[in-house]
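Peer 1: Can you look at this prediction? I've put the sequence above it.
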Amino acid sequence: MFDVDLFPLRLSLQVAAMATAICLVVGVALAWLLARRRFWGRELLSALVTLPLILPPTVLGYYLLQVLGRRTVVGEFLEDTFGIRIAFAWEGAVLASAIVALPLMVRSAQAAFENVDPSLENAARTLGRSNVAVFFTVTLPLAWQGVLAGMALTFARAIGEFGATIMLAGNIPGRTQTMPVAIYDAWQSGDAALANALVGILTVTSVLSLLVIGRLVRLPAGRQG
Amino acid sequence: MRSGLPLLLALVALVAPACGSGDSGEAPSTEGELLVAAAANLSDAFDEIGALFEAETGAKVTFSYASSGLLATQIEGGLPADIYCSADTSYVDQLREKGLIVPGSELVYALGRLALASSTKSGLALTELSDLRQPEVEQIAIANPQHAPYGRAAEEALKSAGLWDDLQPRIVYGQNVRQATQFVESGNAEAGLIPLSLAINSSGLTYVLVDDSLHLPIRQELAIVAGTKKEELARRFVAFLTGTEGQAVMEKYGFVVPKEG
């Protein structure tokens, strides 16, 4: 038995977790907006949010580099003012994963919100609850299954993100080399033993993650109204 | 939200270490660590040299291998490499023009050779370039000439030998020389024009040297990247690479090491 460097696995799990957390906050907000509000540009916003689902990851990676690369206006500002580096850093891997997975979260959550009976929300409002309270105590709990499903999809997509990640974060062993990138690297080097080991680990990890999340999603179906 | 709590806790558990330990790529946790952007043909040789350097100095060297052109593009985009080891001189020139290398740090550290290789599995006996015309050779792998100097040399060699036009339909491009080598090793391409440095240690390949008069000399140049915070350690690595121990490894992988006066 030979020892496999587990850094890529740890990095992939952390990147996917952070991307899921970001998508949870941003995605739920966007989903609620799209489900509950009518406003000018709503269709356009919906299309933009869905775009990463359709665009090839290399296109996304290219755009991200052009906008957030270290020698761009935005990139230099972030680095000089806040010390945040996106390109060729693990933050870039998180951002790339979050962007490609966002549509999955939004679509799941939006469908869930649209299924919440508005009369329940209105009832809460007539009882004196503020809009924010209505969201957290009525809307979100009722839509929670959909949001959880969105999180599961987001996590899975984030763990498997490759194209945009390798462009934006690069392939730096021990710093930005996620599992999919490490597998690609091992295959390219002709290291079949390492490639097989990494592929096996990632497959098992992904299946386990989905099983765990699926179990949590299917827990007390409870309060449906 | 009872069913959500365990999940959220799991997420937090995963995320927290990443936040707490700060960053995996900034100065404090990578003190005494070099990032070398190295052309793909150097992967076998540099892995060895890196290990020797670490044993001697305690400083860890991380290599990011890719085609020279891709690395140049990444460095222009801000790749935080300390040293750039190209497979030619043109990409170093490109970076110098953009002010991205430390002036005067350029150094030709090796001369490369091109090899004609086939996988031992294929049973082909290729002794010279014209053997590639055989119908059994259905795919010929080379690195993409657009951004890989050895790919460019392969194209030059085939053109000089008058074979390029006939063989072009059979040529497959690897993103870099490692990928091209992998195509040949796996038998997906029956033959390939790859660096000697990758063919020499490969157990699954048989190869012959390509006559180097058929292409421009492959002069591999390195430079220290401007803005590096580890210039002294970088210079130590370059000295190690061009010193006796480094040279010995390079020669083992078929490189000709220019002897400075």
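Peer 2: Sure, I can see it.
Peer 1: Apart from its neighbours in sequence, what residue is nearest the closest residue to chain A within chain B?
Peer 2: Using CB to the nearest CB, the closest approach of chain B to chain A is made by B:G78 at 2.5 Å. From N, CA and C alone the C-beta is placed, and that goes for glycine too. Leaving aside its chain neighbours, B:G78 sits nearest to A:R70 (2.5 Å; criterion: CB to CB, 6 or more residues apart in numbering or on different chains).
Peer 1: just B:Y91 next, same as before
Peer 2: Using CB to CB, 6+ apart, the nearest residue to B:Y91 is B:A72, at 4.2 Å.
Peer 1: cool, B:Q74 as well?
Peer 2: Spatial nearest neighbour of B:Q74, chain neighbours left out: A:G170 (6.0 Å); criterion: CB to CB, 6+ apart.
Peer 1: Which strand or helix spans B:F63?
Peer 2: Here B:F63, judged by DSSP states H and E, is contained in strand B:60-66.
Peer 1: same check, this time on B:S118
Peer 2: Assigned by DSSP H and E, B:S118 belongs to strand B:114-119.
Peer 1: Need the CA coordinates for that strand. CSV is fine.
Peer 2: Presented in CSV, the C-alpha positions along strand B:114-119 are these (Å, rounded to 0.1, in the frame of the first residue of the first chain):
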residue,chain,number,x,y,z
LEU,B,114,13.4,15.4,-29.4
ALA,B,115,12.7,11.7,-29.5
LEU,B,116,10.6,9.5,-31.8
ALA,B,117,8.8,7.1,-29.5
SER,B,118,6.3,4.3,-29.7
SER,B,119,4.8,2.2,-27.0
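Peer 1: Parallel or antiparallel, list what pairs with that strand.
Peer 2: Partners of strand B:114-119 in the sheet, by DSSP bridges, are strand B:191-195 (antiparallel), strand B:205-209 (antiparallel).
Peer 1: right, and the ones you listed - which one's nearest B:Q247?
Peer 2: Between B:Q247 and the strands paired with strand B:114-119, the tightest spacing by CB to CB is seen for strand B:191-195, at 17.7 Å.
Peer 1: Can you tell me what sits against that closest one?
Peer 2: B:41, B:87, B:112-118, B:122, B:124, B:126, B:132, B:137, B:139-143, B:150, B:153-154, B:157-158, B:177, B:180-181, B:183-184, B:207, B:210 (CB atoms under 8 Å, 6 or more residues apart in numbering or on different chains).
Peer 1: switch the cut-off to 7 Å
Peer 2: With CB atoms under 7 Å, 6 or more residues apart in numbering or on different chains as the test, strand B:191-195 has contacts from B:41, B:112, B:114-118, B:124, B:126, B:132, B:137, B:140-142, B:150, B:154, B:157, B:177, B:180-181, B:183-184, B:210.
Peer 1: Equivalent analysis for stretch A:160-173, please.
Peer 2: Stretch A:160-173 is contacted by residues A:56-58, A:60-62, A:64-65, A:87-90, A:92-93, A:96-97, A:100, A:176-178, A:180-181, A:185, B:35, B:62, B:64, B:66, B:74, B:79 when judged by CB under 7 Å, 6+ apart.
Peer 1: The same query, at a cut-off of 6 Å, please.
Peer 2: Contact partners of stretch A:160-173, identified using CB atoms under 6 Å, 6 or more residues apart in numbering or on different chains, comprise A:57-58, A:60-61, A:64-65, A:87-88, A:92-93, A:96-97, A:100, A:176-178, A:180-181, B:62, B:64.
Peer 1: again, but for stretch A:25-37
Peer 2: A:46, A:49, A:102, A:105-106, A:109-110, A:113-114.
Peer 1: which one of those sits closest to A:M151?
Peer 2: So of the contacts of stretch A:25-37, ranked by how close each gets to A:M151 (CB to CB), first place is A:M105, at 7.0 Å.
Peer 1: follow-up on the earlier one: how far is the strand holding B:S118 from where the chain is centred?
Peer 2: 17 Å (CA atoms, centre = their mean, to the nearest Å).
Peer 1: could you pull out the helices for the stretch 151-261 of chain B?
Peer 2: B:164-167, B:177-185, B:196-199, B:231-242, B:244-252 (DSSP state H, counting those that start in this stretch).
Peer 1: what's the burial count for the closest residue in space to A:N171 that isn't next to it in sequence?
Peer 2: Closest residue to A:N171 apart from its sequence neighbours, by CB to CB, 6+ apart: A:V181 at 5.2 Å. Using other CB atoms under 10 Å in any protein chain shown, A:V181 has 23 neighbouring residues.
Peer 1: what about A:V181, helix or strand, and which?
Peer 2: Element membership for A:V181, per DSSP H and E: helix A:179-188.
Peer 1: and for that helix, what are the contacting residues?
Peer 2: Here helix A:179-188 makes contact (CB under 6 Å, 6+ apart) with A:8-9, A:12, A:162, A:166, A:171, A:194-195, A:198-199, A:202, B:178-179, B:182.
Peer 1: Now the phi/psi pair for the closest residue to chain B within chain A, please.
Peer 2: Minimum separation of chain A from chain B (CB to the nearest CB) falls at A:R70, amounting to 2.5 Å. Main-chain dihedrals, A:R70, degrees, to the nearest 10: phi -70, psi -20.
Peer 1: With B:A143 instead?
Peer 2: Phi and psi for B:A143, reported as degrees, to the nearest 10, are phi -80, psi 150.
Peer 1: Just list whatever residues bridge to it.
Peer 2: B:G174.
Peer 1: excluding its backbone neighbours, what's nearest the residue nearest the centre of chain B?
Peer 2: Chain B has B:A40 as the residue nearest its centroid, 1.5 Å off, counting by CA atoms, centre = their mean. The shortest distance from B:A40 to any non-neighbouring residue, by CB to CB, 6+ apart, is to B:N176 (3.9 Å).
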